[in-house]
Every structure is written in C-alpha cells, then in structure tokens.
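Peer 1: predicted model and sequence follow; I will ask about them next.
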Number of protein chains: 2
Amino acid sequence: MASISKRPTMIDVARRAGVSSMTVSRALKPNTSVSDGTRERIQKAADELGYVLDSTAAGLSSSRTGFIAVTIPSINNANFADTLRGIVERLRDTNMQVLLGYTNYSTAEEERLIEQFLQRRPEAIVMTGGAHTERCRMLIENSGVPIVETWDLPEVPLGDVVGFSNAEAGRLMVRHFYDQGYRKIGFIGGDTSRDTRGLDRRRGFVQALEELGLETDRLIGSGPPPISMREGAASMKKMLSDWPDTDAVMCVSDLSAFGALTECQRAGMRVPDDIAIAGFGAYDIAEHAIPAITTVDAAALSIGENTAEILLRRLGDADEETPAPSTLIAPKLLARGSTVRPL
Amino acid sequence: MASISKRPTMIDVARRAGVSSMTVSRALKPNTSVSDGTRERIQKAADELGYVLDSTAAGLSSSRTGFIAVTIPSINNANFADTLRGIVERLRDTNMQVLLGYTNYSTAEEERLIEQFLQRRPEAIVMTGGAHTERCRMLIENSGVPIVETWDLPEVPLGDVVGFSNAEAGRLMVRHFYDQGYRKIGFIGGDTSRDTRGLDRRRGFVQALEELGLETDRLIGSGPPPISMREGAASMKKMLSDWPDTDAVMCVSDLSAFGALTECQRAGMRVPDDIAIAGFGAYDIAEHAIPAITTVDAAALSIGENTAEILLRRLGDADEETPAPSTLIAPKLLARGSTVRPL
DNA sequence: ACCGCGTTTGTTATCGATAACAAACTTTTT
DNA sequence: AAAAAGTTTGTTATCGATAACAAACGCGGT
C-alpha cells in the first residue's frame, strides 16, 4: 500500500512497467494497439500501485469530459425519475456520466444550473421542457453544445426534441369523459406558468371542451408546483363548493387526483357514479387506488430512452448537421374504474 | 458573437482587458485582491467574449474539483430523494456540485459507481447504507476521500455516519401495536439482503415481538426491492391466507402498506377494526389514504441536511483528524387511523 | 522626499493526461 | 532476402487554469 502519500500517476505506472506513459494511457483503454504482453504488465503495475485514472486531466487533454448534463424540475416526481432512469440506463455502458440538476420548476434556477454545468464542459445537455430564460438560451447557443429538450413541444427548439403533447393528453381525456356521458367537466391544477406542461394539458383540455360546446369555467388552480395530494384534495373541495353539480374532473397529476378522490369519498360522493375523476402520469397510486384512477400514460421511461438514443447518435460523430430527428411520444389513455361506470 | 469558432480562454479575456491571465483568474473569484477598476474591466471583457470558465482545467490545476459524489439505492424513492434534496440544497451556495449515482440496491453496482466516481476526484463521497463490497471498501480507503454513510448504523464505519436505527423503527411499531391491544402481529417485506435497511427494520420488529413473548412467524417476504404497492397487496393476500387470524401488520414501506390496505379493503376487512396496518417512511400516501396509515418518520430531509453539514465541516479544512461526529436521527412514530381503533 | 508596508499585478512552473507525429519492430509478400 | 505493409511503442507539445513566488505600485508617516 503506497499509503496516502500521494496518488500514483500514469508516470508511476509507466516506470513500474518499464514503458512510456503514453503506452500506459493506451493500455488502459480498449481498442488500442498495445501488445497483450505489455498490456498485462501495465495492468498488473496499475493494480499493484492502486492507480486510478484522473479523468479531470484526461478531459482537459482530450476535450471530452464524458459528462451529459440533465435538468429536471423535481427529483421527487416519478415521471421525471423514470425519464432520468431511461437516460442513465442507456448510458450505463458508455463512459458517459450524468450531471444532474433540478430546477424546482423555475427557469431562473434552470439558468443558474446551466451556467454551472457549462463550466464542466458537458458533451450534451438534456433539459426538461422548452421554456427557458432569454439568457439561458443565449448561453446554450453560444456554447455550441448539443441540446435535447424533452416532455414538451417547444415552439422554437434549441436542438433535438423528444416531445410529448400535453395538450393532446388533455384533449384525450375530455373525449373520454364525453364518451362516458359526462358533461359538466372541470380541471384541477395547471394554472401556473411554472409548470408549463400542466398548463398545456389544461389548455388542450379547455380547447376540447370548447369544440364540444361544453362549459369551460370549471377550473380550479392549485398554486405553484409540485401539486401533491393535499392540493388535490383542497382543490376538489373548492370545486364541489363552487360548482356542486360537476360530474367529472381531470387533475393535473395522479397525485392530486388521488387527493381529489379521497376528498370525494370523505364528502360521501361515489366515484364514478356521482363524479368521475382522472389524473395524469400513470403513477402506481392511480393503478392501486380504489377505484383505480383513469390516467394518461406519458411513457416517461421511453422519453428517457429515446433521449439517450439521440445523444448517442449525436456524440457518435455522425454528421454534425443532421437535422433534428424530433421524436414524438404519444399520450395513451388508460381508462379505469374512476371514470367508467359499471354496467 | 464569436460564433462557434473556438471557445475563448482566460488568455483571450486577459488580452482584451490588457492584463495577465493570472489577474483574470483572480478577478473572477470573490475575496481576491484585485482592484475594483481592473475587476470591472475584466468582467466586461469576459462578458463581451462570452467567456465561460473551464472547471476541468481549474480542477486539474488546483486539485479541487468541487464534486461531491452521492450514491442512493433508487431515484424513485421519496425518502432518498428527500435526503438528496437536503444535501443539494445545503450545498447550493457553495461551489460544490453533486455527482449522483444510483445503485439499484446492489453493492456490486455501488462498487462500479464508486470506481467511476473516484476517477472524477470527488472531494467527498456520500453513500447510502453501510454494506459495501470488500473491493469497494478498499478503493475508498486507498483514495483517502472523506466518506459519509447515511441511513444505517454500520458496524465498521468508513468515516462519518449520519445514522438511523431501522431496528428501532421496527421495535417502536411493535410496541405501538401492543399498546393498541394487537397480539397477532406480522411483518411484510424486509426479507432480502439487498435492502439492508428493510432487513434491519424486520430484525428489530421480530426482536421486540420476542421480548413481549409474542409469536414471531408471521413474516411474508416480498422479493427484491423496490417493494411497491403491488407487492404489498400480494404479500397481504398471502398473509391472510397463511395466517387468517393476523390482527396487525407492519409493511417495510408505506407504499407496500398502501397496497396491503387496498387488499384488505377488497377482501372486505375493516381497517383498523379487523386488522391494523402500518408502514414506514412517512410518504404522502400514508397521510392521505383512508384510513390514514400509521408510519415511522425517518426525517429523510434532515439526514441529508446533516450530511451536508458534516461535508462542509470536513471540507472547510478543520482538523483533518477530527473524530467522526456521528449523528443519529431518531425514528418518530406517527400514529394514525390505520392502527388506532376509534373509541 | 524617502522609507516601509500593504495591496495589486505579473512570471514561471505545474497539474495528469492525450493528440499527433515519428521511430522501431513484426509480419507478410514476392 | 529485400521490400512493403502493418503493428507496437516512444517523443514532444498541449489542453486551460492556478500555486507560489516575485515585482511593481500606492499611500501614509516622518
């Protein structure tokens, strides 16, 4: 054990193996021309010294840091966690490492993070959503780093997009309610500009109501994200007090939908007989609640996997200027007991 | 705009401001002796060029990378997410950045991550739990990097510990059940060595049962983590079939407890009248379920905050050899409707 | 005006690896 | 056996910043 004196460098390994440090550098990475004999010798020397590569130095020298910067709005959100998981798992077998930051649904915080991340010279950046501060857009464009925006359909994309139409998710749900015979339909959440995705769902929702000639004023905001069970319950209470004859409600997420469901149950209303409730996000809770809650699956994991796919293509030096192969993930409605009246 | 030609370096900024690059280096960090005039001039030049510091180079030169490596078992777990949040938020105003990895409850994967992280020269490492592979312990010890282990009480700590007694959480719950008059008490989950924390809760639970002279064989395993609602429901089904007279059950987490609760409700059993159900982790779902689920709060956020506190102390060059100021977070039982019979 | 001290700025060497090119060594071909 | 071609190894310069030391500057006191 070389004790904590000082960490060994490639030169130390080289000396011990009787070669030059360049040969050590080569020997430690795959697909390089080093004879089996010396490679073994070097590996052995490295092990004996307890050598650990310094990727800071490697990064400086090769100008390839192996970092992918990723921002998500919140750690504590199963959808974004799944997207992240999709990215990380696809990247596991490469030498890429994820630099994670969470914005807390704030574009100002996002800007701060991006600014920090750019100092680390990431090879690509993945952002959730397409809403950014002006300065953030500028920083990114000046940096020349490839970008992927996810979970949204930005009007003016910064680069590639793995998109999802939140508006379409809202529309889907209105049609489902309508098919099931509901007419007095409301929406909970999605009132804040911080959660642009929730806002889009609500927008699509209202638009679909208009197309069907239904009332569009049963809207309850529930403040800044994250919207949780508590806010769902409180909002439902308000909905029932403001519009007691409401017969169907979509919530901005499954968590708030569950809160709304429990509120109805406490109030003695029967779901779906007296009122239908739906959410968004295909959370576990929606599947296991009684009744199970109708929801929209956004395929969060696929969004992550597709994102990673694009990253690998961009980094695997294909033509730099390949046009953005935007991917669109389609929303899928999962009809369940909370909106489907038994025969 | 300097287009994508090449990124400007400190030398470019220095030239433009008519100073040396060393002065630029100083001007861009706080608390350095640079006159107000030149600092402004340099800042202006940097802005005009769109200069962005390269922390890879800075790290190599100063041997301070600003990285804190953190491993957690799963991204999709509100408790670990809270702990992470505690760390990140306390670190926000420093120049420290978190390198996150998740082990998927596997010590082999943990070892792989640690090996990767060490190449990045982190200034400290935070790990969840105290179970590591032999090689992982060795790598860490050889590296000389300060360590904090969390959420566990390792027998042989690698460094500082922000601990939590999972066994005590199990014991607490048994006593609570007993006080409420329950005697036929079982446990769901915690059978796998991958989730050492769940295992510890179960161990403490069984031990407390023994001390009270109660039966200790009502144990249902539920396979490898993460244990979710589905597994909770399935295990409860098995529990009721194997030991139909069971009158109280603790589940390894609130998620499985909720699954168990729904299973009981489907089976027409009344909670807590026919059977009591409790969980662990103080998840939202436990608070909002009907009835609300009794749980144990592990103060996940505090664990993170305390961890960050220790990190800052260790890095703020206090005496290197300060003895490990182990912190112990106490479990707190939250008694709710699922285990407390109405009068 | 001169000395001395504190503050501001500059010089040089270095962090640890890799790119690019060059040299030495093997193997194949004719 | 010599030339051609391929493989393995070495040399030198460099990535972009900072540490450590050195020099220049500014300012008050006498």
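Peer 2: Sure, I can see it.
Peer 1: so the residue of the stretch 51-200 of chain A found nearest DNA strand D versus DNA strand C, what's the distance?
Peer 2: For the stretch 51-200 of chain A, the residue positioned closest to DNA strand D under Cβ to the nearest atom of the strand is residue A:61, at a distance of 3.6 Å. Placement of C-beta: from N, CA and C, glycine included. Using Cβ to the nearest atom of the strand, to the nearest Å, residue A:61 is found at 3 Å from DNA strand C.
Peer 1: quick one, phi psi at that residue?
Peer 2: Here is the backbone geometry of residue A:61 (degrees, to the nearest 10): phi -70, psi -40.
Peer 1: how about residue A:244?
Peer 2: In terms of degrees, to the nearest 10, the main-chain angles of residue A:244 are phi -60, psi -20.
Peer 1: next up, the contacts around it.
Peer 2: Contacts were defined as Cβ atoms under 8 Å, 6 or more residues apart in numbering or on different chains; by that measure residue A:244 touches no other residue.
Peer 1: now the closest residue to DNA strand C within the stretch 151-300 of chain A. Its backbone dihedrals?
Peer 2: Each residue of the stretch 151-300 of chain A has a distance to DNA strand C, by Cβ to the nearest atom of the strand, and the smallest belongs to residue A:159, at 24.7 Å. The phi/psi pair for residue A:159 (degrees, to the nearest 10) reads phi -170, psi -130.
Peer 1: what does stretch A:34-47 rub up against?
Peer 2: When contacts are defined by Cβ under 8 Å, 6+ apart, stretch A:34-47 is touched by residues A:13, A:14, A:16, A:17, A:18, A:19, A:23, A:24, A:26, A:27, A:28, A:51.
Peer 1: dump it to PDB, restricted to CA.
Peer 2: These are the backbone C-alpha positions of stretch A:34-47, laid out as PDB (Å, rounded to 0.1, in the frame of the first residue of the first chain):
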ATOM      1  CA  VAL A  34      -0.900  -2.500 -27.400                       C
ATOM      2  CA  SER A  35       0.500  -6.000 -27.400                       C
ATOM      3  CA  ASP A  36      -1.100  -8.400 -25.000                       C
ATOM      4  CA  GLY A  37       2.100  -8.800 -23.100                       C
ATOM      5  CA  THR A  38       2.700  -5.200 -22.200                       C
ATOM      6  CA  ARG A  39      -1.000  -4.600 -21.600                       C
ATOM      7  CA  GLU A  40      -1.000  -7.300 -18.900                       C
ATOM      8  CA  ARG A  41       2.200  -6.000 -17.500                       C
ATOM      9  CA  ILE A  42       0.800  -2.500 -17.300                       C
ATOM     10  CA  GLN A  43      -2.500  -3.700 -15.800                       C
ATOM     11  CA  LYS A  44      -0.600  -5.500 -13.200                       C
ATOM     12  CA  ALA A  45       1.600  -2.500 -12.300                       C
ATOM     13  CA  ALA A  46      -1.500  -0.300 -12.200                       C
ATOM     14  CA  ASP A  47      -3.300  -2.700  -9.800                       C
END
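Peer 1: quick one: is it near DNA strand C?
Peer 2: No. Counting by Cβ under 7 Å from any atom of the strand, DNA strand C is not contacted by stretch A:34-47; separation bottoms out at 9.1 Å.
Peer 1: list the buried residues in that stretch.
Peer 2: A:34, A:38, A:39, A:41, A:42, A:43, A:45, A:46 (16 or more other Cβ atoms under 10 Å in any protein chain shown).
Peer 1: returning to what we had before: so can I have a markdown table of the contacts of stretch A:34-47 showing distance to residue B:132 and neighbour count?
Peer 2: Listed next are the contacts of stretch A:34-47 as a markdown table, based on distance: Cβ to Cβ, whole Å; neighbours: other Cβ atoms under 10 Å in any protein chain shown:
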| residue | distance to residue B:132 | neighbour count |
| --- | --- | --- |
| A:13 | 26 | 25 |
| A:14 | 31 | 20 |
| A:16 | 28 | 18 |
| A:17 | 30 | 22 |
| A:18 | 35 | 11 |
| A:19 | 33 | 18 |
| A:23 | 33 | 21 |
| A:24 | 28 | 27 |
| A:26 | 32 | 17 |
| A:27 | 28 | 24 |
| A:28 | 24 | 18 |
| A:51 | 21 | 21 |
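Peer 1: from those, which land in helices?
Peer 2: When the contacts of stretch A:34-47 are checked against helices (DSSP state H), the matches are A:13, A:14, A:16, A:17, A:23, A:24, A:26, A:27.
Peer 1: thought the third one was touching residue A:24?
Peer 2: No. Residue A:16 sits out of contact with residue A:24 when judged by Cβ atoms under 8 Å, with a separation of 9.5 Å.
Peer 1: is the residue positioned nearest the centre of chain A in a helix, a strand, or coil?
Peer 2: The centroid of chain A falls nearest to residue A:80 when counting by Cα atoms, centre = their mean (3.6 Å). When classified by DSSP: H, G, I helix; E, B strand; the rest coil, residue A:80 comes out as helix.
Peer 1: hmm, it is touching residue A:303, no?
Peer 2: No. Judged on Cβ under 8 Å, residue A:80 makes no contact with residue A:303 at a distance of 9.4 Å.
Peer 1: does DNA strand C sit close to stretch A:86-100?
Peer 2: No. If you take Cβ under 7 Å from any atom of the strand as the test, stretch A:86-100 misses DNA strand C, and the best it gets is 10.2 Å.
Peer 1: now that stretch, how far from the centre of its chain.
Peer 2: If you compare the mean C-alpha spot of stretch A:86-100 with that of the full chain, they lie 14 Å apart, counting by Cα atoms, centre = their mean, to the nearest Å.
Peer 1: just the CA trace of it, in PDB.
Peer 2: Listed next in PDB are the C-alpha coordinates belonging to stretch A:86-100 (Å, rounded to 0.1, in the frame of the first residue of the first chain):
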ATOM      1  CA  GLY A  86     -34.200   5.800 -19.100                       C
ATOM      2  CA  ILE A  87     -31.300   8.100 -19.900                       C
ATOM      3  CA  VAL A  88     -28.900   6.700 -17.200                       C
ATOM      4  CA  GLU A  89     -29.600   3.100 -18.100                       C
ATOM      5  CA  ARG A  90     -29.000   3.600 -21.800                       C
ATOM      6  CA  LEU A  91     -25.800   5.400 -21.000                       C
ATOM      7  CA  ARG A  92     -24.500   2.900 -18.400                       C
ATOM      8  CA  ASP A  93     -22.300   1.000 -20.800                       C
ATOM      9  CA  THR A  94     -20.700   4.100 -22.400                       C
ATOM     10  CA  ASN A  95     -18.300   6.200 -20.500                       C
ATOM     11  CA  MET A  96     -20.800   9.000 -20.200                       C
ATOM     12  CA  GLN A  97     -21.800  10.200 -16.800                       C
ATOM     13  CA  VAL A  98     -24.900  12.200 -16.000                       C
ATOM     14  CA  LEU A  99     -24.600  15.600 -14.200                       C
ATOM     15  CA  LEU A 100     -28.000  16.000 -12.600                       C
END
